[in-house]
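Engineer: Model the following, please.
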Amino acid sequence: GGHDEREQTLNQLLVEMDGFGVNEGIIIVAATNRPDILDPALLRPGRFDRQITVDRPDVTGREAVLKVHARNKPLDESVNLKAIAARTPGFSGADLENLLNEAALVAARRNKKKVDMLDLDEATDRVIAGPAKKSRVISKKERNIVAFHEGGHVIVGVVLDEAEMVHKVTIVPRGQAGGYAVMLPKEDRYFMTKPELLDKITGLLGGRVAEEIVFGEVSTGAHNDFQRATGIARKMVTEFGMSDKLGPLQFGQAQGQVFLGRDFNNEQNYSDAISYEIDLEIQRIIKECYERARNLLTEHRDKLDLIANTLLEVETLDAEQIKHLVDHGRLPDRPVSIAKDSDTKGEDVKVTINTKKDENLAIEETDQKVDSIIDEKPKD
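Structural biologist: All right, here's what the predicted structure looks like:
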């Protein structure tokens, strides 16, 4: 019954768009996030024959979107929206709007009149990984495991040219993670080569390999890394034709209509013998990348120890600090710039000690500040 109603609705829509009647001067515009399930009849000439793909913005587009949503927010002079755009690949326009609103909330909680880069960095981390859980009690052993795990990701990203670069690494728990590394491509890419994909898999496996090298045992912290690495290897074999053994072939194809909760499934258009070979190829790729990561981290064990021990000391490192650590063996000196920032921005920070009587007034002032900073539609 439901299928019949769907067919009748589709047929009526086709008649209204391109039937016997003449509809002059009428342009029909529609949008969908599932173009793969549209009936082919809808896309024929005279109907929806002009298709415009609106993809997620690239780094230039993200910067432009950030400028739009930052127009009615008090930004500090230190704010670099281009740097934020580079740190947010894959973000949609709504994600970027949410990031700026979150930064405004962070600034309000810190009693600031302007949103600065520290607030935007914290907001980016909140959007990507969730709020920090500094009150969470972590044992010394667990903290060491997290530090060396994240250090493994960092070292592979530094050593391999095609691996994703670590823009930030922290051992502060966020969300469900004990720590995390923000690994981003060195530039926006529309396609990737086989060496780049292999380097990416190697970088994902670097955390688990570091645990094994340093502690002689492994933890459950790498489950997401394995999920992503296996997914890349599977696509290399079944979709991208990058298997030397199976050749430039694609295996499996989507079939079926998505309707009333049903989703696509992949038709197995190959034999069980080929399925077995696919599994073997995926295992081979993962194992080779795992051994490659082991050799890299064994060779650069001194750098791994340096990164991990520094993380245990300062908890968070950015890209500039990581590069300086690897090149010079120590963190960069920043006392002058910090003192300068504190002098120039002192008027933006209000520190008050409230008595019990003043608590209600302080809460009202904070609410007003949040309302004034959070994004609102600009008035004409």
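Engineer: Between its first and last residues, how far does stretch 68-80 reach?
Structural biologist: Chord length of stretch 68-80, first to last residue, is 14 Å (CA to CA, to the nearest Å).
Engineer: low-scoring pLDDT stretches of this protein, where are they?
Structural biologist: Applying pLDDT under 70 to the chain flags residues 1-3, 19-23, 134-136, 175-176, 186-188, 253-267, 334-380.
Engineer: Next secondary structure after the helix ranked longest in it?
Structural biologist: Counting residues, the longest helix in the chain under DSSP state H turns out to be helix 272-299. Using DSSP states H and E, the next helix or strand after helix 272-299 towards the C-terminus is helix 301-314.
Engineer: Export that next one to PDB, keeping only CA atoms.
Structural biologist: The C-alpha coordinates for helix 301-314 follow below in PDB (Å, rounded to 0.1, in the frame of the first residue of the first chain):
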ATOM      1  CA  ARG A 301      62.200   6.700  19.800                       C
ATOM      2  CA  ASP A 302      64.000   9.700  21.300                       C
ATOM      3  CA  LYS A 303      61.500  12.100  19.700                       C
ATOM      4  CA  LEU A 304      58.600  10.000  20.900                       C
ATOM      5  CA  ASP A 305      59.800  10.100  24.400                       C
ATOM      6  CA  LEU A 306      60.400  13.900  24.100                       C
ATOM      7  CA  ILE A 307      56.800  14.500  22.900                       C
ATOM      8  CA  ALA A 308      55.200  12.200  25.400                       C
ATOM      9  CA  ASN A 309      57.100  13.600  28.400                       C
ATOM     10  CA  THR A 310      56.400  17.200  27.400                       C
ATOM     11  CA  LEU A 311      52.700  16.300  27.100                       C
ATOM     12  CA  LEU A 312      52.800  14.900  30.600                       C
ATOM     13  CA  GLU A 313      54.200  18.200  31.700                       C
ATOM     14  CA  VAL A 314      52.100  20.800  29.800                       C
END
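Engineer: Could you pull out the buried residues of it?
Structural biologist: Going by neighbour count (16 or more other CB atoms under 10 Å), the buried part of helix 301-314 is 303-304, 306-308, 310-312. To be clear about C-beta, it is placed using only N, CA and C from the backbone, and glycine gets the same treatment.
Engineer: quick one, helices of the chain?
Structural biologist: Using DSSP H, helices in the chain cover 2-18, 59-69, 81-86, 93-109, 117-129, 140-159, 194-215, 223-238, 272-299, 301-314, 319-328, 335-344, 359-373.
Engineer: quick one: the first one to chain centroid distance?
Structural biologist: In terms of CA atoms, centre = their mean, to the nearest Å, the centre of helix 2-18 is found 40 Å from the chain centre.
Engineer: now the fifth one
Structural biologist: Put simply, helix 117-129 sits 12 Å off its chain's centre (CA atoms, centre = their mean).
Engineer: neighbouring contacts of that helix?
Structural biologist: Applying CB atoms under 8 Å, 6 or more residues apart in numbering, the contact partners of helix 117-129 are 76, 78-80, 83-84, 87-88, 95, 98-100, 102-107, 110, 112, 132, 168, 170, 174-175, 177, 180, 182.
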